[in-house]
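**Student:** have a look at this prediction, sequence included:
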Amino acid sequence: MATESKKDWILMATARSPTNIAVVKYWGKRDEALILPINDSISVTLDPSHLCTTTTVAVSPNFDRDRMWLNGKEISLSGGRYQRCLREIRSRAGDVEDEKRGICIGKEDWGKLHVHIASYNNFPTAAGLASSAAGFACLVYSLAKLMNVREEQGKLSAIARQGSGSACRSLFGGFVKWEMGKVLKCTKDSAGSDSIAVQLADEQHWNDLVIIIAVVSSRQKETSSTTGMRESVETSPLLHYRSTEVVPKRILQMEEAIRTRDFPSFARLTCADSNQFHAVCLDTSPPIFYMNNTSHRQVPHSFIVTNWFFRIISFMEKWNRFEGTPQVAYTFDAGPNAVLIAPNRKVASLLLQRLLFYFPPSTDTELKSFVLGDQSIVKDAG
Ligand code: ADP
Ligand code: DP6
Ligand code: CO
């Protein structure tokens, strides 16, 4: 039983989670409710000191309902994804005792206590920089900490997955694979418990890599990842080919490239996967343009798309072709912001110099800033 002597206590836990960037992308679900994907995916988790979510969760007998604030604004928790995460964590909650303050919460009490959640993203929300990944990983991790859930990270990843698919990968640092799992759809015996994230290599394994994120637009995208991939599953023949014929082989090749720190192969696979993902978006009906919803410009006598994304892709491709072997990699998630990867600091500094020369931050390119990232892991923040 929760201690009843004083009713004005409050218990809190805070966590910080990084975002992750997929190098073999997840796009498409076979089960919408449980968020089971149609293919495996692989990502790199970024250092949380750059792009991260910080979430504080609190419980008190004075709270009369669950509430959440995202970036200072109250949001509804009625959506299935939040409800699922809360329910899964509550059902695994343990006893909590704070002797100094005389607080004792038995595991059976958690169903009656309400939580307040305050979460901040230090980067644009819903702009294609994986805020849902950092956000739900952080939510699940901080709730698990508050409620003394003693599950291994893999099990927690399966809970975060039910908030947002990409979130399961943010529970680990370094290179992470989300295994799609075997069961086709949710059944009574399976709640998709084998659709989990596993760490392929920790953040030390390939710590020469430098990730540069070029923030072009912090505007909210028009089509959320959830809606976009649902429409692709329903209408894109290319997506079916991708998930059955391309990704299974690509996953094996990517695992090998990561294991052997083979940057040219890693770069080739990363760029090809990003381009195929955007080709699937174009193959969707109606087509989805994640890469060009910001910088169209009209030029006299003709319409020329001075599109930053196409220009940056062509700039990176030319560089790689000129050198004969890939020196740099690029990938775009479901939004216009570019994630650029260099094999080491020397190439990264050359890349930054060239970017600043060819794409000086201005209204023309809409380039706002660069964020340098290393790789890291979910961290307790007090
Ligand atoms: P993104 O590319 O940023 O991941 P999505 O469309 O996949 O965009 O997801 C955006 C949604 O994720 C938001 O509308 C919100 O529902 C959820 N989200 C974002 N940040 C958080 C957070 N810190 N905590 C909980 N949910 C979040
Ligand atoms: C392009 O995980 O945001 O970033 O599961 O519906 O919440 P939901 O979608 P989300 O999709 C991410 C798509 C992607 C690729 C990736 O991260 O693998
Ligand atoms: Co997302």
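**Tutor:** Received, thanks. Ligands and ions are numbered 1, 2, ... in the order given.
**Student:** would you mind listing what in this structure touches ligand 3?
**Tutor:** 132, 225 (CB under 5 Å from the ion). Bear in mind the C-beta positions are built from the backbone N, C-alpha and C, glycine included.
**Student:** so where is the chain shaky, pLDDT-wise?
**Tutor:** Scanning the chain for pLDDT under 70 picks out 1-6, 184-190, 292-307, 361-382.
**Student:** near ligand 2, which residues of it?
**Tutor:** Contacts of the chain with ligand 2, taken as CB under 6 Å from any ligand atom, map to 22, 25-27, 35, 41, 130, 132, 164-166, 225-226, 333-334.
**Student:** identify the farthest-apart pair in those.
**Tutor:** Greatest spatial distance among the residues of the chain next to ligand 2 (CB to CB): 35 and 333, at 16.8 Å.
**Student:** look at the two and report which has more neighbours.
**Tutor:** Between residue 35 and residue 333, counted using other CB atoms under 10 Å, the more crowded position is residue 333 (28 against 25).
**Student:** tell me how far the more buried one lies from ligand 1.
**Tutor:** Distance, residue 333 to ligand 1, using CB to the nearest ligand atom, to the nearest Å: 6 Å.
**Student:** how about the contacts made by that residue?
**Tutor:** 21, 22, 25, 128, 129, 130, 290, 339 (CB atoms under 8 Å, 6 or more residues apart in numbering).
**Student:** highest neighbour count among the residues you listed?
**Tutor:** Among the contacts of residue 333, residue 130 has the most neighbours (other CB under 10 Å), with 30 neighbours.
**Student:** so the residue of the chain found nearest ligand 1, which state does it fall into?
**Tutor:** Closest to ligand 1 within the chain is residue 135: 2.4 Å, counting by CB to the nearest ligand atom. Look at residue 135: counting by DSSP: H, G, I helix; E, B strand; the rest coil, its state is helix.
**Student:** does the nearest residue to residue 142 once chain neighbours are set aside count as helix, strand or coil?
**Tutor:** Closest residue to residue 142 apart from its sequence neighbours, by CB to CB, 6 or more residues apart in numbering: residue 15 at 4.0 Å. Three-state assignment for residue 15 (three-state DSSP): strand.
**Student:** pull the number of nearby residues for residue 15.
**Tutor:** Residue 15: 27 surrounding residues under other CB under 10 Å.
**Student:** now do residue 342
**Tutor:** There are 22 residues near residue 342, going by other CB under 10 Å.
**Student:** surely it is in contact with residue 348?
**Tutor:** Yes - in this structure, residue 342 is within contact of residue 348 by CB atoms under 8 Å, at 3.8 Å.
**Student:** which residue, other than its chain neighbours, is closest to the most centrally placed residue in the chain?
**Tutor:** By CA atoms, centre = their mean, the chain has its centre lying nearest to residue 133, at 3.2 Å. In this structure, residue 133 finds its nearest non-sequential neighbour in residue 166, 3.9 Å apart by CB to CB, 6+ apart.
**Student:** now do residue 253
**Tutor:** Leaving aside its sequence neighbours, residue 253 sits nearest to residue 269 (CB to CB, 6+ apart; 5.8 Å).
**Student:** in which helix or strand does the one you found reside?
**Tutor:** helix 263-283 (DSSP states H and E).
**Student:** residue 250 is in contact with the residue nearest to residue 253, correct?
**Tutor:** Yes - under the criterion of CB under 8 Å, residue 269 makes contact with residue 250 at 6.0 Å.
**Student:** much appreciated, bye for now.
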